[in-house]
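[1] dropping the sequence and predicted coords here.
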Amino acid sequence: QLQLVESGGGLVQPGGSLRLSCAASGFTLDYYAIGWFRQAPGKEREGVSCISPSGGSTNYADSVKGRFTISRDNAKNTIYLQMNSLKPEDTAVYYCAAEVRPYSGSLRQYEYDYWGQGTQVTVSS
């Protein structure tokens, strides 16, 4: 069974940092582009960042450029999202997702095929 599991969320003060992890079971992530998405209360889910299977290409939403960094360790079958300089508007449930199609840098959620259950990130003083 293909499964993605996010972890690393929590409560952090504005300006703080968190590192989210996305671990796969039942399949290897080597051949999949991976995206991070988030959904804040009352808002639609939005794309945050994505990374190619090799890790050589990445893309970021304008709202997180310069603050968030996506990376992957295929040996550990895990994707990471390092989030720095967090703001209250970053508060959301964060999801990772795997895309079967060749990497295109897309942050459109309908192009992603397998999803995790999400992890809550709350930025508040």
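    Nice, thanks for sending it over. Quick caveat: nothing in here was measured; it's all calculated off a predicted structure. Numbers count the residues shown, from 1 in each chain.

[2] secondary structure element for the residue nearest the centre of the chain?
    By Cα atoms, centre = their mean, the chain has its centre lying nearest to residue 36, at 2.4 Å. If you go by DSSP states H and E, residue 36 is part of strand 33-39.

[3] what lines up beside that strand in the sheet?
    With DSSP bridges as the test, strand 33-39 is paired with strand 46-51 (antiparallel), strand 92-99 (antiparallel).

[4] how about residues contacting the last one?
    The set of residues external to strand 92-99 that reach it, using Cβ atoms under 8 Å, 6 or more residues apart in numbering, is 2, 4, 6, 9, 20, 22, 24, 29, 32-40, 43, 45, 48, 50, 79, 81, 106, 109, 111-121. The way it works is simple: take the backbone N, C-alpha and C, and place the C-beta from them, glycine included.

[5] now do the helix or strand that that strand is followed by, average pLDDT.
    Following strand 92-99 in sequence order, the next helix or strand is strand 114-115 (DSSP H and E). The pLDDT scores in strand 114-115 average 95.

[6] how about residue 43, what does it touch?
    Neighbour list for residue 43: residue 92 [criterion: Cβ under 8 Å, 6+ apart].

[7] and for the one 3 residues further on?
    Residues counted as contacts of residue 46 (Cβ under 8 Å, 6+ apart) are 37, 38, 39, 61, 107.

[8] same list, those residues, but as JSON lines with neighbour count and pLDDT please.
    Shown next, in JSON lines, are those (neighbours: other Cβ atoms under 10 Å; pLDDT from 0 to 100):
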{"residue": "37", "neighbour count": "24", "pLDDT": "98"}
{"residue": "38", "neighbour count": "24", "pLDDT": "98"}
{"residue": "39", "neighbour count": "15", "pLDDT": "98"}
{"residue": "61", "neighbour count": "16", "pLDDT": "98"}
{"residue": "107", "neighbour count": "18", "pLDDT": "97"}
